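Trainee: Sequence below, structure please.
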Amino acid sequence: MSAWNIDCGECGCEGSRIIENASGEYECPDCGLIHAQAIDMGKDYRVFADGKGADSERHGMKSSYLLHDKGLTTDIGKGWKDHAGAPIKGDFRRRLNRLRRQQQRTRIRNSTERNLVQALYELQRLASRMDLSESIREQAAYIYRKAAEAKLVQGRSIEGVVAASIHAACRLNGIHRTLDEIGRHSRIGRKEIGRTYRKVKQHLSLQIKPSTPDGFVPAFCSKLQVDNKIQAEALTILENPLVRRITTGRSPTGIAAAVVYLSCMKNPESYRTQRDVAAAAGVTEVTIRNRYNDICDALGIDRNSIGN
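Mentor: Numbers count the residues shown, from 1 in each chain. The predicted structure is shown next:
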């Protein structure tokens, strides 16, 4: 039995006294008010044949935040044949066509839902460009809906809040995507996405850990198409306490790009120029050069002897 953390709104009973019963409901012991109920949002199956087991047919679809109505409405089919395969003609065909038009109009009832449809379309477009998984898209859509409920969209562009929601979803799941990368696929600039992201994070109290350089190393190595030993050596350099000490207060992408460049310098067969690494990491060559010098100084490496 786990305790509820909110006082009863009916009788004022303390939240610590409200308990979870065997059916998954939080029940007040004084007035009997049910505060929450466990609802199964997964797929529902029906099996009519023996021996089918898990190979069963579904009826209905699961709820999804990627649909403005969460997939809870019903669409009228677009065919012009009845259940027997005979064509629909005459007055019944005209009535069916009119019902379809009315049904489409009633799905979007006001400007709020219209803006939500536009936002979810932009979210799907941006997520497809970035090749994000379905779970990341669902979480990004959930974050956007919460931001819209908190009126964070007012005075800001829908595209900016969508991009910020995707960035927040990636960060929550440990997927390292930079603001520059999101900005390249979005119609919004990097600075606006960053400002909107900080506002969304603050108002929704999202518990997001700071980015670390080791999270960007695999992506940079993949773009550069270098051997796995380059990635392994770069991660080993980052584990050094002397290197970790200089990462504080510096951009994690710059540090990650610098250690990848250092690893390539140590392995002539996988050599990449500063320009190549800068293009893969989305930072300037000056940033890589400065961080590279800082790391070499911290580790006591003679820069002239590297690669020889």
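Trainee: which stretches of this structure aren't confidently modelled?
Mentor: Filtered on pLDDT under 70, the chain yields the residue ranges 1-7, 9-10, 14-24, 35-61, 307-308.
Trainee: who's in contact with the closest residue to residue 82 other than its chain neighbours?
Mentor: Once flanking residues are discounted, residue 82 sits nearest to residue 88: 5.9 Å by CB to CB, 6 or more residues apart in numbering. Any C-beta I mention is one placed from the backbone N, CA and C, and that applies to glycine too. Residue 88 makes contact with 80-82, 96, according to CB atoms under 8 Å, 6 or more residues apart in numbering.
Trainee: Most neighbours out of the residues you listed, which is it?
Mentor: Of all the contacts of residue 88, the highest neighbour tally under other CB atoms under 10 Å goes to residue 96, namely 14 neighbours.
Trainee: Quick check, it in contact with residue 79.
Mentor: No. The pair residue 96 / residue 79 is not scored as a contact, 9.9 Å apart, by CB atoms under 8 Å.
Trainee: Between the two, which contacts overlap?
Mentor: Common contacts of residue 96 and residue 79 (CB under 8 Å, 6+ apart): none found.
Trainee: and residue 175, how far is that from residue 125?
Mentor: 18 Å (CB to CB, to the nearest Å).
Trainee: Kindly report the same for residue 82.
Mentor: 37 Å.
Trainee: do the same with residue 260
Mentor: Applying CB to CB, the value for residue 260 to residue 125 is 31 Å.
Trainee: Compare these two (neighbour count), which wins?
Mentor: For residue 260 versus residue 125, neighbours defined as other CB under 10 Å are more numerous around residue 260 (32 against 15).
Trainee: That one belongs to a helix?
Mentor: Yes. Looking at residue 260 with DSSP: H, G, I helix; E, B strand; the rest coil, it is inside a helix.
Trainee: Tell me how far it lies from residue 268.
Mentor: 15 Å.
Trainee: how about the helices of the protein, start to end?
Mentor: Taking DSSP state H, the helices of the chain run over residues 90-107, 111-130, 134-149, 158-172, 179-185, 190-204, 217-224, 228-239, 241-246, 252-266, 274-281, 285-299.
Trainee: distance between the first one and the chain's centre?
Mentor: Okay, so that is helix 90-107. In terms of CA atoms, centre = their mean, to the nearest Å, the centre of helix 90-107 is set 37 Å apart from its chain centre.
Trainee: who's in contact with that helix?
Mentor: 68-69, 73, 75-76, 78, 80, 88.
Trainee: how about it as PDB, C-alpha atoms only?
Mentor: Extracted in PDB, the C-alpha atoms of helix 90-107 (Å, rounded to 0.1, in the frame of the first residue of the first chain):
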ATOM      1  CA  GLY A  90     -28.100   7.900 -55.400                       C
ATOM      2  CA  ASP A  91     -29.400   9.700 -52.400                       C
ATOM      3  CA  PHE A  92     -27.600   7.500 -49.900                       C
ATOM      4  CA  ARG A  93     -24.300   8.300 -51.500                       C
ATOM      5  CA  ARG A  94     -25.000  12.100 -51.200                       C
ATOM      6  CA  ARG A  95     -26.000  11.700 -47.500                       C
ATOM      7  CA  LEU A  96     -22.900   9.700 -46.800                       C
ATOM      8  CA  ASN A  97     -20.700  12.300 -48.400                       C
ATOM      9  CA  ARG A  98     -22.300  15.000 -46.400                       C
ATOM     10  CA  LEU A  99     -21.800  13.000 -43.200                       C
ATOM     11  CA  ARG A 100     -18.100  12.700 -44.000                       C
ATOM     12  CA  ARG A 101     -17.700  16.500 -44.400                       C
ATOM     13  CA  GLN A 102     -19.500  17.200 -41.200                       C
ATOM     14  CA  GLN A 103     -17.500  14.600 -39.300                       C
ATOM     15  CA  GLN A 104     -14.200  16.200 -40.500                       C
ATOM     16  CA  ARG A 105     -15.400  19.700 -39.500                       C
ATOM     17  CA  THR A 106     -16.400  18.500 -36.000                       C
ATOM     18  CA  ARG A 107     -13.000  16.900 -35.300                       C
END
